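**Student:** Fold the following.
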Amino acid sequence: MPEPRATSSRKAVLYRMVMPGHICPYGLKALHLLRSKGYDVEDRWIETRAQQEAFKAEHYVTTTPQVFIDGQRIGGHDDLRRFLGLSVKDPNATSYTPVLVVFAVAALIALTIDLLTAAPLLSLLTLERFISVTMILLAMLKLQDVDRFATMFLGYDLLARKWVPYASLYPFAQLGAGVLMLAGALPWLSVPVAAFIGGIGAVSIYKAVYVEKRSLKCACVGGGTNVPLGFVSLTEDLFMVAMALWMGLNAWVLPGAPM
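**Tutor:** This is a model prediction of the structure:
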């Protein structure tokens, strides 16, 4: 792989699709990247399918955009990133990023609710709201494609394996429990539901990951991500169980305590 040159008069030629019904997003990204790195870009548009097919045949490539620097073909957007020494995301790599983003957004929402209700910041009430909002957000992601979530969920959940419809019902139960807990309403319903689904989930994950040593993807943020099943996934379920126990304690053991 050739190394990028460090001269101040670098020139590049970019061939990208710009058609009335389609502008290639990777072409735009390549154009921005070249310009941000100081290249003088000759931006050549491919405006018809016929032009695209002719270009691919001429240069023996299968995709566009294509970048040329100093007359040498570098390749597409990802190839350009490699040429410039930048990282390229592996679509098959596992990552906790999706669930960590959910946690971060849930924390911000919980703090915002505290501010709007004049509640003390970083209190037990903030933690309750954080867990409730996290449940709601995670349920929302699962509900985007229930069937896809259920298919992945069946790979490790013990109850879903015994009764398949539970896999499709789970996101609705999580959403309902989260909403009721956030509102502090109907603890007789939200507490047992959260404790039940959280408890089954925690046992299932522990068995699959720590007992059977299986390497699986978690369905916690829906069925289309590469979040590994493990500690973070287990934490989600333990949060639900802890929240249920705490709210049950407040509702029935310490009824005078603030919710």
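**Student:** Now for Ala202, how many residues are close by?
**Tutor:** Close neighbours of Ala202, defined as other CB atoms under 10 Å, add up to 19. Where C-beta positions appear, they are placed from N, C-alpha and C, glycine not excepted.
**Student:** looking at it, it is touching Leu238, isn't it?
**Tutor:** Yes: with contact defined as CB atoms under 8 Å, Ala202 reaches Leu238; the gap is 5.6 Å.
**Student:** mind checking the SS state of Phe68?
**Tutor:** Using DSSP: H, G, I helix; E, B strand; the rest coil, the structure places Phe68 in strand.
**Student:** Who does it form a beta bridge with?
**Tutor:** Beta bridges link Phe68 to Val13, Arg73, judged by DSSP bridges.
**Student:** Look up how far His59 lies from it.
**Tutor:** 9 Å (CB to CB, to the nearest Å).
**Student:** So which of those two has more stuff around it?
**Tutor:** Under the criterion of other CB under 10 Å, the comparison of Phe68 against His59 puts Phe68 first, with 17 against 13.
**Student:** who's in contact with the more buried one?
**Tutor:** Listed by CB atoms under 8 Å, 6 or more residues apart in numbering, the contact partners of Phe68 are 12-15, 74.
**Student:** Can you add neighbour count and distance to Tyr166 and give the residues you listed back as a markdown table?
**Tutor:** A markdown table is the format used below for these (neighbours: other CB atoms under 10 Å; distance: CB to CB, whole Å):
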| residue | neighbour count | distance to Tyr166 |
| --- | --- | --- |
| Ala12 | 21 | 55 |
| Val13 | 18 | 57 |
| Leu14 | 24 | 52 |
| Tyr15 | 24 | 52 |
| Ile74 | 24 | 51 |
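**Student:** Show me which of the residues you listed is closest to Leu111.
**Tutor:** Leu14 (44.2 Å; CB to CB).
**Student:** So that closest one is in contact with Ile46, correct?
**Tutor:** No: taking CB under 8 Å as the definition, Leu14 is not a contact partner of Ile46, at 10.4 Å.
**Student:** can you pull out the helices in this protein?
**Tutor:** Under the criterion DSSP state H, the chain carries helices at the ranges 25-36, 49-59, 77-83, 97-116, 124-143, 146-153, 158-162, 165-183, 187-205, 231-248.
**Student:** Output the contacting helices and strands for the fifth one.
**Tutor:** If you count contacts as 3 or more CB pairs under 8 Å, 6 or more residues apart in numbering; DSSP states H and E, helix 124-143 packs onto helix 97-116, helix 165-183, helix 231-248.
**Student:** Much appreciated, bye for now.
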